[in-house]
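> fold the following for me, if possible:
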Amino acid sequence: MVSSPTRRRFLIHLSLSFSSAGLKLQAVASPSTRSGAEIVTPFAFGAKGDGRTDDTGALNAAYEYARQRRISAVALCGASYHITRGIYARGVSTQGDGATLVAALDGARGGATFEWGGTGNFVRDVTFKLSNSSKTEMHGVLNAVDDARNQRFENNRIVGHTTGASPRQSNIFGAWFMGTGLTGLFVLNNQFERCSYGVQINNQAGMTGDVRRTPLGRPSSHIHVAGNVCIDAAIGVNTPHIACSDVVVQGNTITALDLNMDLPLNVAHVTNVAVVGNTVSSNVSGANGTLHVEDATGAITIVGNVISVLARNNGIQMGTRASVSGDGSQKRKVVISGNHVGGCGALTESVGILVPDAETIDTVIANNTVDRFAEGITVVSRCLVQGNVVSACRIPLRLSRDSRESGNLVV
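Next comes the predicted model:
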């Protein structure tokens, strides 16, 4: 049975008293939920956990102790820790139990607030309250581990409290993933607030790299981003310079309030992707699309999403033309179905559902509701457009000559 936080602290203080009597200090560990595994707490290394004392050194010492002894996890015991430098938690899981990390850092010094990752590692039940004294942007929670399996970031909260040179964008970001060769990455049921880039799976090497000749690393697969709440925070899977496949973005809510949200949901350079049941809003004039999928191959499903465009922008924008990564054209099947896409007026020069390139052929656009755009559904390639309801759009349907359309209701 896992001991209570009060009992853990008692045991820790007991061990410290033995240490003062000349005995060797040992971190107090208690069983985790996995049989045979052990955890360690920061209190054995002098942490106060009161939200005021600088606990940076104690936290880093706890993670280093766990790494050296192959202890599976550090337990934060629901306490509040003030930190002034980055925490290096790679190779060790973190069980927060409702803990809070209050970070006051200088982005100009580089690094990240909290760096973690490794096969089987998780970060669970932690609130990260992040402030950056510099206008230089920095990562909040960073995972840059390559070739890891079954990593989980779940039930956490990341709050950005500062902005950059422009007060319309955070200068400290949320959960950022840069590793290659990943198999099974789960970002589930978190809340991201005022951190611009809430969740980013990102593998880029400028504008000249070619994934076929010079990939950044091994392919990644089975990426799941689901059930997250994002307030002024975007979700992106942008992997032009590795091969990335089997991506699911499902059941997330992305709300634009005060910060710039031009491209709140972006999936690019992936094979086999499902974007299902998300609620997304944008609030900045642009031409990227509120729900944007590009350079995608294989089976592509965009189903059951609710899109609210609060400024001049497109609703759903879907293209498969190979772009930055140099990906070759591959067989694909695109279905855009059952989405509700709402704009902000027929005079906005925006499109509800847009297929902008000739390579995206044989797309099925069916049973969607599109309301209040300059153009309702616009496609430049051969598509099947049927059973959609298009209302209050200046040009309801703008289709290529070889497209087929039937059963659409224009009101």
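> shaky segments in the stretch 101-250 of the chain?
Applying pLDDT under 70 to the predicted model, the residue ranges of the stretch 101-250 of the chain that meet it are 207-209.
> check what pLDDT the residue nearest to Lys48 when sequence neighbours are not counted gets.
Leaving aside its sequence neighbours, Lys48 sits nearest to Asp55 (Cβ to Cβ, 6 or more residues apart in numbering; 6.2 Å). Any C-beta I mention is one placed from the backbone N, CA and C, and that applies to glycine too. Model confidence at Asp55, expressed as pLDDT, equals 98.
> and for Pro31?
Model confidence at Pro31, expressed as pLDDT, equals 34.
> can you check Asp295 too?
Reading off the per-residue confidence, Asp295 sits at a pLDDT of 88.
> shouldn't it be in contact with Arg332?
No. Asp295 is not in contact with Arg332 according to Cβ atoms under 8 Å; the separation is 10.6 Å.
> more neighbours: which of those two?
Between Asp295 and Arg332, counted using other Cβ atoms under 10 Å, Asp295 has the larger neighbour count: 23 against 18.
> please report how far that one lies from Ser166.
Between Asp295 and Ser166 the distance is 28 Å, computed by Cβ to Cβ, to the nearest Å.
> nearest residue to Leu397 other than its sequence neighbours?
Closest residue to Leu397 in three dimensions, ignoring its sequence neighbours and counting by Cβ to Cβ, 6+ apart: Ile377, at 5.4 Å.
> next one: Tyr88
If you skip the residues right next to it in sequence, Tyr88 has Glu115 as its closest partner in space, 5.5 Å away by Cβ to Cβ, 6+ apart.
> verify the contact between the one you found and Ala144 for me.
Yes. With contact defined as Cβ under 8 Å, Glu115 and Ala144 form a contacting pair (7.0 Å).
> what residues are shared contacts of Asp295 and Arg332?
Taking Cβ atoms under 8 Å, 6 or more residues apart in numbering as the contact criterion, the common neighbours of Asp295 and Arg332 are Thr320.
> so who does the nearest residue to Ser285 once chain neighbours are set aside touch?
Spatially, and ignoring its direct neighbours in sequence, Ser285 is nearest to Arg312 (4.1 Å; Cβ to Cβ, 6+ apart). Arg312 makes contacts with 285-286, 344, 348-350, as judged by Cβ under 8 Å, 6+ apart.
> just the buried residues from these, in ChimeraX please.
Remark: buried members of these, expressed as a ChimeraX selection using 16 or more other Cβ atoms under 10 Å:
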select :286,344,348,350
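> Asn190: which of the contacts of Arg312 is nearest?
Distance to Asn190, by Cβ to Cβ, is smallest for Gly286 among these, at 26.1 Å.
> okay, that closest one: pLDDT?
Here the pLDDT value assigned to Gly286 is 88.
> ok so, going back, doesn't the residue nearest to Leu397 lie inside a strand?
Yes. The assignment for Ile377, made by DSSP: H, G, I helix; E, B strand; the rest coil, places it in a strand.
> surely it meets Val390?
Yes. Checked against Cβ under 8 Å, the pair Ile377 and Val390 is within contact range at 6.5 Å.
> mutual contacts of the two, please.
When contacts are counted by Cβ under 8 Å, 6+ apart, Ile377 and Val390 have 352, 370, 396-397 as shared neighbours.
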